[in-house]
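Participant: Next come a sequence and a model predicted from it.
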Amino acid sequence: MLGNIREVEEFPRIEDVKHGELLSLKLSARTSGLTHGFHRFPAKYIPQVPKWALKNFTTPNSVVLDPFMGSGTTLVEALRSVNNAFGTDIDPLACLLSKAKTSDVSLDRLRELASFLTPDKLPEVVVPFLPMSGVKNITHWFTEGAWKDLCRIYFAIEKLDCSCDERNFFLAVFSSILRLVSNADNQTQKTYVSGTLKKYPPDVLTTFEKYLRKAIKGVTELSLVRGERQAHVLAGSATSLPLDNNSVDLIVTSPPYLDSVDYMYNFMLEYFWLGPSLGVPSRVEYNLRRRMPIGSKNPISPATSIDSTILELFDPKQIPEYRRKAVLSYFSMMQSHFFEAARVMKEEGRYVLVVGNSEAAKGILPVHDCLLRLAKMAGLHLEKAFAYRIRRHYMKFPRKGRGGIILMDWVITLKKTKHEIPDNEDRLPLPHVTIGADEVAN
């Protein structure tokens, strides 16, 4: 249970939020308008968060950045209000999805090209194939019929006479149905075929047509509000941003959750099909890439130096050994990120950081307080923070009901300034929150 919570239709303006306040959006709040509902993506934040940040801290000429872009929620919202927004992500599939959701493509062209992807226009496939090499037991993941129909759609998209942005759009739609039409469970984050719950996947061709119509509808909605505004997906990472010094007015982002979400593993089926076109040609390369992002469970990058002040907040020896390397690497890489973020931010610019605390067997690791201290080292000082209750959770089998579940998100406003803001630079509270049985996503 959670007490002292204010239920709201939308997040109030920053001056109307008390520091440390706990909020809950009403369930009527829509989260899938425009192209937001284009493709599932684990642990993405709701569009109300970047919308709040943009409303409070930007003008139309502000430069906005999301260095952990994911599927592009920030960029889509930015197309409502600012002329230029930028995003980076180390995950190639995330970049594809963000481009598909934000590229300024012609609706007439999309409809024209879609006419070549109707069931009667698709080529026949005698011998089914899978683009990624090294994948075994394909019929564990797809029925024979689904596999052949997916081959027909994929081959037709590859043969379209179209631009790169147009092809990205159709590949993203194709990707959006893969989990649904596979044998894998729809509800879990992990790509998993249940041995006890028999799944009856829907027809591939009918499902593709349905999701294609939905995607074109989303692009149509976005075209009505974006005007001449542009979103740019850049090659780079959160620790190496391809932007000039002092060029960004606002960063709004949600870094990867600590050791809770294996993003690339959640998209294993999608990589089987799209990996080669994204620079991930084999299962071996895919397994390597899974270890590269910040927050990886088995990271390639070991912890280098971590400021001793955050070791006052938790004892690494109290973290299970199998998690310790991931935790220390996470904080080390986030420390590097904050210095890189401060480099590209303008003086007095804002950084809106969205972060959750992962609950584990020995309690809650205060991730938000650790990140606050690392940000402060880089000259990013806490201005105000509030938390909101996550109402439903996209994790059906949550480690005996608790471990790894993110129960709340903190929305933390940092300011790049040479002057500390001492009144607010305290540890944020860790309210006692429990999760109901009906709140694990279905």
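Facilitator: Structure's in. What do you need? Predicted, not measured: the structure shown is a model, and the values here were computed from it.
Participant: Which residues does the helix or strand containing residue 211 contact?
Facilitator: Following DSSP states H and E, one finds residue 211 within helix 204-226. Residues outside helix 204-226 that contact it (C-beta atoms under 8 Å, 6 or more residues apart in numbering) are 33-38, 76, 79-80, 101-102, 104-105, 107, 110-111, 114, 117-119, 122, 145-146, 149-150, 152-153, 169-170, 172-174, 176-177, 180-181. Backbone N, C-alpha and C define where each C-beta goes, glycine included.
Participant: if you look at the residues you listed, which of them are in helices?
Facilitator: Secondary structure of these is defined by DSSP state H; positions in helices are 76, 101-102, 107, 110-111, 114, 145-146, 149-150, 152-153, 169-170, 172-174, 176-177, 180-181.
Participant: what's near enough to touch the residue nearest the centre of the chain?
Facilitator: Central residue of the chain (C-alpha atoms, centre = their mean): residue 70, 3.4 Å from the mean position. Each residue near residue 70 by C-beta under 8 Å, 6+ apart is listed here: 41, 44, 89, 91, 94, 98, 254.
Participant: Can you tell me the SS state at residue 191?
Facilitator: Three-state assignment for residue 191 (DSSP: H, G, I helix; E, B strand; the rest coil): coil.
Participant: what's the burial count for it?
Facilitator: Applying the criterion other C-beta atoms under 10 Å, we find 20 residues in the vicinity of residue 191.
Participant: all helices of the stretch 301-442 of the chain, in order?
Facilitator: Applying DSSP state H, counting those that start in this stretch to the stretch 301-442 of the chain gives helices spanning 321-344, 367-377, 399-402.
Participant: just checking, what packs against the longest one?
Facilitator: What it means is helix 321-344. Judged by 3 or more C-beta pairs under 8 Å, 6 or more residues apart in numbering; DSSP states H and E, helix 321-344 is in contact with helix 367-377, strand 380-389.
Participant: ok now the shortest one, how far from the chain's centre?
Facilitator: When you say that, I think you mean strand 380-389. The gap between the average C-alpha position of strand 380-389 and the chain average comes to 20 Å, counting by C-alpha atoms, centre = their mean, to the nearest Å.
Participant: Spatially nearest residue to residue 324, not counting backbone neighbours?
Facilitator: Beyond its immediate neighbours in the sequence, the residue positioned closest to residue 324 (C-beta to C-beta, 6 or more residues apart in numbering) is residue 316, lying 5.8 Å away.
Participant: Isn't that neighbour up against residue 327?
Facilitator: Yes - checked against C-beta atoms under 8 Å, the pair residue 316 and residue 327 is within contact range at 7.1 Å.
Participant: Okay, now the unreliable bits of the stretch 151-300 of the chain?
Facilitator: Across the stretch 151-300 of the chain, residues meeting the criterion (pLDDT under 70) sit at 259-260.
Participant: Go through stretch 48-67 and flag the buried ones.
Facilitator: The neighbour-count check on stretch 48-67 (16 or more other C-beta atoms under 10 Å) flags 48-54, 56-58, 62-67 as buried.
Participant: Which pLDDT does the model give residue 68?
Facilitator: The per-residue pLDDT reported for residue 68 equals 97.
Participant: list the contacts for it?
Facilitator: Neighbouring residues of residue 68 by C-beta under 8 Å, 6+ apart: 88-89, 238, 253-256, 294.
Participant: Distance of it relative to residue 111?
Facilitator: Between residue 68 and residue 111 the computed distance is 33 Å (C-beta to C-beta, to the nearest Å).
Participant: where do the strands sit along the protein?
Facilitator: 5-8, 21-25, 63-66, 84-87, 230-233, 248-253, 345-360, 363-364, 380-389, 406-416 (DSSP state E).
Participant: Distance to residue 265 for those - can I get that in TSV?
Facilitator: What follows is those, written out as TSV (distance: least, C-beta to C-beta, whole Å):
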stretch	distance to residue 265
strand 5-8	33
strand 21-25	29
strand 63-66	22
strand 84-87	22
strand 230-233	22
strand 248-253	22
strand 345-360	17
strand 363-364	24
strand 380-389	27
strand 406-416	17
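Participant: rewinding a little: among the contacts of residue 68, which lie within helices?
Facilitator: Short answer: those have none in helices (DSSP H).
Participant: Rebuild these as CSV, extending it with neighbour count and distance to residue 310.
Facilitator: Conversion of the contacts of residue 68 to CSV gives the following (neighbours: other C-beta atoms under 10 Å; distance: C-beta to C-beta, whole Å):
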residue, neighbour count, distance to residue 310
88, 25, 25
89, 27, 25
238, 26, 18
253, 26, 20
254, 23, 20
255, 20, 15
256, 24, 17
294, 22, 15
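Participant: Tell me the one of these nearest residue 269?
Facilitator: Of all the contacts of residue 68, the one with the least separation from residue 269 (C-beta to C-beta) is residue 89, at 19.4 Å.
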